[in-house]
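[1] whatever this is, show me its structure:
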Amino acid sequence: MTPAQIIAALNAPRGDILQRRGDHAVDYPGSKSRARAFSEGELIARPAAVLVPLVQRDEGLHVILTRRTDHLSDHAGQISFPGGRQEDHDNTLEETALRETEEEIGLARVHIELVGRLDDYYTVTGYQVTPVVGLITPPFDLAPDAHEVAEVFEVPLEFILEPRNQKLQTVTFEGAKRRYFAIPYREYYIWGATAGMLVNFSEVLKASAER
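    You can find the predicted model right below:
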């Protein structure tokens with residue numbers, strides 16, 4: 001997969017992929033999850049954005065991810081993209097993704113070329129997350145925020161796109177069974193919204209390749 005192919009895929013029509021993404025998308029039929037209520041407009045979701053950073057290495061494109069620190073009140077220890085909620089001074093969601101990336105991992109905007117969006121992703125925590133894809137130009141230096149970020153690491157995009165590595169798991173939450181995507185990689189357990197957005201990325205690229 002090349003940067004040119006990714007740019008073409010992000011700018012191609014999505015068809016029935018659009019609007020299907022969220023924590024509710026893989027739930028059992030009839031499930032009344034909060035994510036479904038947000039996606040259907042029954043509840044008002046708060047806007048947020050993440051950066052999906054892609055960096056070219058000798059062996060191919062890699063995705064940059066973070067592991068959150070264990071003491072945080074929200075999503076402690078989980079794997080995530082750099083990102084967060086949209087602030088009043090953010091003119092666009094792209095601005096949100098760039099600002100949060102610089103704050104969280106110290107990646108300067110000069111190294112980031114924004115090339116498109118994935119589909120919005122609704123979370124059970126009440127956010128409508130817009131994933132913004134960016135090509136990262138090396139060399140670059142990172143300065144992770146020690147309060148929020150325990151580690152920054154990379155995963156080969158080829159590994160993420162392999163369907164066998166995309167697992168559909170089940171958990172009991174608040175007395176009900178829920179399903180979610182997971183992409184285990186080495187010692188890292190990528191799951192929930194982050195894995196769901198990566199699966200959506202895989203769908204978008206696959207749909208473009210099949211045209």
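
[2] avg pLDDT for the longest strand along the chain?
    What stands out as the longest strand in the chain, according to DSSP state E, is strand 46-57. The average of the pLDDT scores along strand 46-57 is 97.

[3] strand partners of it, parallel vs antiparallel please.
    Partner strands and pairing direction for strand 46-57 (DSSP bridges) are strand 60-68 (antiparallel), strand 83-85 (antiparallel), strand 127-136 (parallel).

[4] which one of those is the most hemmed in?
    Stretch with highest mean neighbour count among the strands paired with strand 46-57: strand 127-136 (a mean of 23; mean count of other CB atoms under 10 Å). C-beta here means a position set from N, CA and C on the backbone, and glycine is covered the same way.

[5] which residues touch the helix or strand just after it?
    Remark: after strand 127-136, the chain's next helix or strand is strand 149-156, criterion DSSP states H and E. Here strand 149-156 makes contact (CB atoms under 8 Å, 6 or more residues apart in numbering) with 55, 57, 59-70, 77, 104-105, 142, 144, 183, 185, 188, 190.

[6] give me the contacts around the very next helix or strand once past strand 149-156.
    Next helix or strand after strand 149-156 toward the C-terminus (DSSP H and E): helix 157-161. The contact list for helix 157-161 (CB under 8 Å, 6+ apart) reads 1, 54, 60-63, 165-166, 183, 185, 198, 201-202, 205-206.

[7] leaving out sequence neighbours, find the closest residue to A8.
    S208 (6.3 Å; CB to CB, 6 or more residues apart in numbering).

[8] secondary structure class for that neighbour?
    helix (DSSP: H, G, I helix; E, B strand; the rest coil).

[9] so it sits against A12, correct?
    Yes. Counting by CB atoms under 8 Å, S208 does reach A12; the two are 4.9 Å apart.

[10] between those two, who's got more neighbours?
    Between S208 and A12, counting by other CB atoms under 10 Å, S208 is the more crowded of the two (17 against 14).

[11] before we move on, the earlier item: which parts of the longest strand of the chain are buried?
    Under the neighbour-count criterion of 16 or more other CB atoms under 10 Å, strand 46-57 has A48, A49, V50, L51, V52, P53, L54, V55 buried.

[12] equivalent analysis for stretch 161-176, please.
    L161, N165, Q166.

[13] pretty sure L54 sits against V133.
    Yes. With contact defined as CB under 8 Å, L54 reaches V133; the gap is 6.7 Å.
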